[in-house]
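# Let's see this in three dimensions:
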Amino acid sequence: MKEHRVSTSGPTTDADLVQLLTPAGELVEHPDYTPRIAHLDAAALRGMYRDMVLVRAFDDEATSLQRQGELGLWAQSLGQEAAQVGSGRALATQDYVFPSYREHGVAHTRGVDLAQILTLFRGVDQGGWDSEEHRFALYTLVIGSHTLHATGYAMGVQRDGLVGTGDPDRDTAVVTYFGDGATSQGDVSEALVFAAVNNAPLVLFCQNNQWAISEPTTRQTRVPLARRGEGFGVPGVRVDGNDVLASYAVTAEALERARSGGGPTLIEAFTYRMGAHTTSDDPTRYRSAEDDEYWRRRDPIDRLRRYLESAGELDDEFRAELDADVAALGQRIRTTVRAMEPPAPASMFDHVYGSPHATLDAERAWFADYEASFVDAPPQGAVAPAPAGAAAGEVAL
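This is a model prediction of the structure:
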């Protein structure tokens, strides 16, 4: 078995990972997980391929828009499409997702309009989609914090009697996504503690893309991340994160376990960040060109394409339709983003509290008076007087 070229997570071989589709696009048998994909026909596999292609096209478009000054920042998912689309397609309608900030493929599988994701990165709002409608929470920029939110939500689902009923349309699981860097945050350890002792219906999905910005995984752990769960009493599994079929199968099993009352699972999807951490990062300063090229040859989209081509399932009509969809998506993303206007300054007072709040109402009224005091735009550097009654040094937010 050929060893991976990995300078970041220590030596590993394909035998260490659940894999159903090799980099050459060949199906391999796995006694536990092959049955999980038996129902996926050619149309379903083409759908996964289409998802990955569209998500990458969106990702490339967003990167270009940031370079043109249309977005403040962008976090690519380049190379991680299989882990996201595979796991996302395993979710049931009633399941709930808590993402970090790179789960564009999962968002797509949950029906979120990809253009809405960009409102956050353009700075016009904090996430423009309806999280309840899609059962997909807003992106979280505070590393690891959302794993605790997911754990609490899963405990609530459990206490609401939505676990282990035997009704497939009712039983609910929760999944939270985070990167290898987040496992060094205390929040993730706390989430594992609470999930384990409460037997919460939670899947903790770690996308180990081998780099926490410029910090390799070897500087964060001495064992595979999937084994982190053992000390908390949470079973773990390592999956080839560049294999969309294996990612689907492993996640489907973990979700079924959670919904039936079997408790939490930690999944480590071993993949590779083929792009930069964000558009403010230069990965050439800490990664070798040889490692990049090695992993590009293991591209998750190419892997499924090779399989579909060998099976005669990618005809010219499908390719032409997909090319047209990619072009249409790019045009819509560009047009939508450039039309996004900055929010009204007073909107900062919206969605702060769920019920009327006297202090906030007073601050809103003061701000309205302050804005009205300027006939023209306020001069640069102008500082407004503090609201009446504010203590020295107090900042009204």
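
# which residue ranges form the strands in the stretch 1-150 of the chain?
96-98 (DSSP state E, counting those that start in this stretch).

# Test my guess that residue 91 contacts residue 177.
No: here residue 91 lies out of contact with residue 177, judged by CB atoms under 8 Å, at a distance of 11.5 Å. Every C-beta, even on glycine, is put in place using the N, C-alpha and C of the backbone.

# Between the two, which contacts overlap?
residue 97 (CB atoms under 8 Å, 6 or more residues apart in numbering).

# And the two? Which one has more around it.
More neighbours surround residue 177 than the other of residue 91 and residue 177, with 29 against 21 (other CB atoms under 10 Å).

# Surely that one touches residue 97?
Yes: counting by CB under 8 Å, residue 177 does reach residue 97; the two are 7.3 Å apart.

# any residues in contact with both of the two?
Residues within reach of residue 177 and of residue 97 at once, by CB under 8 Å, 6+ apart, are 103, 106.

# Can you show me the helices along the protein?
42-67, 81-89, 104-109, 114-122, 131-134, 145-159, 186-197, 244-259, 289-296, 300-310, 316-338, 358-372 (DSSP state H).

# So for residue 22, which of those helices sits nearest?
The closest of these to residue 22 is helix 300-310. By CB to CB, the value is 7.6 Å.

# Could you list the low-pLDDT ranges of the stretch 151-300 of the chain?
Scanning the stretch 151-300 of the chain for pLDDT under 70 picks out no residues.

# Now do the contacts for the residue most central in space within the chain.
For the chain, the residue sitting closest to the mean C-alpha position, by CA atoms, centre = their mean, is residue 103 at 1.9 Å. Counting by CB under 8 Å, 6+ apart, residue 103 makes contact with 77, 84, 97, 139, 177.

# for the fourth one, what are its contacts?
When the contact criterion is CB under 8 Å, 6+ apart, the partners of residue 139 are 99, 100, 101, 103, 117, 120, 127.

# Now tabulate these in TSV and tack on pLDDT and distance to residue 227.
Shown next, in TSV, are the contacts of residue 139 (pLDDT from 0 to 100; distance: CB to CB, whole Å):
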residue	pLDDT	distance to residue 227
99	98	24
100	98	21
101	97	26
103	98	24
117	96	33
120	96	34
127	85	33
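
# Residue 346: neighbour count?
Other residues close to residue 346 by other CB under 10 Å number 11.
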